[in-house]
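Enquirer: Here is my input; please provide its structure:
(one chain, ligands or ions: 3)
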Amino acid sequence: MKRICVLPGDGIGPEVVDCAARVLKEAAPGDLEFIYADIGQSAFEKHGRYLPEETLAQMRASDSCLFGAVTSEDSPRYESPVLRFRKELDLYANVRPVKTLVQLPQRQPIDVVIIRENSEGMYTQDEVFDDKGVTTMRKVTKGASERIVSYAIEYALRTGRKGITCVHKANVLKASDGLFLAIFREKMKDKGKGLNASEQLVDSAAMKLVAEPMVFDVIVTLNLYGDILSDVAAAVAGGLGFAPSGNIGPKYSVFEPAHGSAPDIAGKGIANPTAAVLAGAMLLRHIGLERAASAVETAVAGFYSSGHLTNDLGGRHGSKSFTDHVLKNITG
Ligand code: NAD
Ligand code: IPM
Ligand code: MN
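Expert: Ligands and ions are numbered 1, 2, ... in the order given. Now for the predicted structure:
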């Protein structure tokens, strides 16, 4: 029996996570125990914190976590619960596979895995004010760069991927992105034999993700570039409802859709749960339930291949109807 800590969060978070939990229960009957924990605004209202200590303890006491999304706040006192759990649980790798499930007009097919450094770069939140303005520290360490590049190489070898592209901006950020790129080159020579190594500047990488996405297989990149490029990739596949994501560390893991809380559509029953359900499949695979993971992925792919379309693609299926179809595909 594996314990999953479910963190619904805000906006459409609870809506899509509920769909994912229903699908996981169906795919792995009797294998999973679910516990629920507060995060985001609902947690703040109840406990006065966006990521209460009780929640962190529940996450640590579980085999993996399934997270929806939170709505962030403008206040300078606001501390993102997402950044905090990534740090507290040492979730150094953010893995975001984006694959075309339905071929849309004027979009190119895509099948990419963006592996994003998840602990530093532009996300150190170390900002210094003076009378001229603000200076933001952007940190690139050897240790974190080696760790993420090694993770990407192992991931590519394990999953039968053919190549890794390092996406960077070392033409401008010569020292920091230069270090990341040098580590990529070194590690690929050493451990990445058999994989094609390539390099792409982040601006043209964004263009190519839209214009010729199939040139990419695995991408390894720094934190903010990975954040932005994963939303670009999601749009190519149909929108933010199509990008699942796993935050992975040596001991803990948190799976989530790459999208946010989407306040503009929350409460309407129209959010596309595909990303959350596929994040659930990633979770199942991560905890060793490979057959259940594949069953979920096949059921989701089957929804689209049989011609159904969700609301975000102009179709008639909302969150519930999508999930009912996927559940039916699992049970046969
Ligand atoms: P967003 O991802 O919430 O939404 C962007 C657009 O995509 C919106 O039009 C939304 O309706 C649409 N969209 C997103 N998910 C969808 C889905 N499953 N189905 C259909 N349409 C979907 O990004 P945003 O609007 O920039 O941010 C909203 C809030 O979410 C902000 O407070 C932001 O900080 C937060 N956020 C949280 C996370 C997280 O918790 N992991 C991630 C990103 C953004
Ligand atoms: C994501 C989100 C987060 C990020 C926010 C909520 C801190 O956009 O998971 O992609 O920037 O990493
Ligand atoms: Mn993002």
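Enquirer: In contact with the residue lying closest to Thr141 once chain neighbours are set aside, which residues?
Expert: Sequence neighbours aside, Glu120 is the residue nearest to Thr141 in space, at 6.3 Å (criterion: C-beta to C-beta, 6 or more residues apart in numbering). C-beta: built from backbone N, CA, C; applies to glycine. For Glu120, the contacting residues are 139-141, 144, 223, by C-beta atoms under 8 Å, 6 or more residues apart in numbering.
Enquirer: Show me just the buried residues among those.
Expert: 140, 144, 223 (16 or more other C-beta atoms under 10 Å).
Enquirer: just the residues you listed now: which is nearest ligand 2?
Expert: Asn223 (7.3 Å; C-beta to the nearest ligand atom).
Enquirer: For Leu179, see how far away that closest one is.
Expert: 14 Å (C-beta to C-beta, to the nearest Å).
Enquirer: and the stretch 151-300 of the chain, which residues reach ligand 1?
Expert: 239-241, 256, 259-265, 271-272, 275 (C-beta under 6 Å from any ligand atom).
Enquirer: now, which of those sits nearest ligand 1?
Expert: Nearest to ligand 1 among those is Gly260, at 2.3 Å by C-beta to the nearest ligand atom.
Enquirer: Skipping adjacent residues, who's closest to Gly267 in space?
Expert: In space, Gly267 is closest to Glu15, 7.9 Å off (C-beta to C-beta, 6+ apart).
Enquirer: Kindly apply the preceding question to Ala197 instead.
Expert: In space, Ala197 is closest to Met188, 4.1 Å off (C-beta to C-beta, 6+ apart).
Enquirer: got the contact list for the one you found?
Expert: Met188 neighbours (C-beta under 8 Å, 6+ apart): 149, 153, 164, 195, 197.
Enquirer: tell me which element the first one is part of?
Expert: In this structure, Val149 sits in helix 142-158 according to DSSP states H and E.
Enquirer: Tell me how many other residues surround Gly249.
Expert: If you count neighbours by other C-beta atoms under 10 Å, Gly249 ends up with 17.
Enquirer: wait, what's in contact with it?
Expert: Counting by C-beta under 8 Å, 6+ apart, Gly249 has contacts 89-93.
Enquirer: what secondary structure does the closest residue to Thr135 other than its chain neighbours sit in?
Expert: In space, and not counting its chain neighbours, Thr135 is closest to Val128: 4.9 Å by C-beta to C-beta, 6+ apart. Three-state assignment for Val128 (DSSP: H, G, I helix; E, B strand; the rest coil): strand.
Enquirer: residues near Val128, how many?
Expert: Val128: 9 neighbours (other C-beta under 10 Å).
Enquirer: again, but for the one 3 residues further on
Expert: Other residues lying near Asp131 total 4 when counted by other C-beta under 10 Å.
Enquirer: now it: how far from ligand 2?
Expert: 29 Å (C-beta to the nearest ligand atom, to the nearest Å).
Enquirer: quick one: the strands in the protein?
Expert: 2-9, 32-36, 64-69, 93-99, 111-117, 121-130, 133-139, 163-168, 196-201, 218-221, 244-248, 253-257 (DSSP state E).
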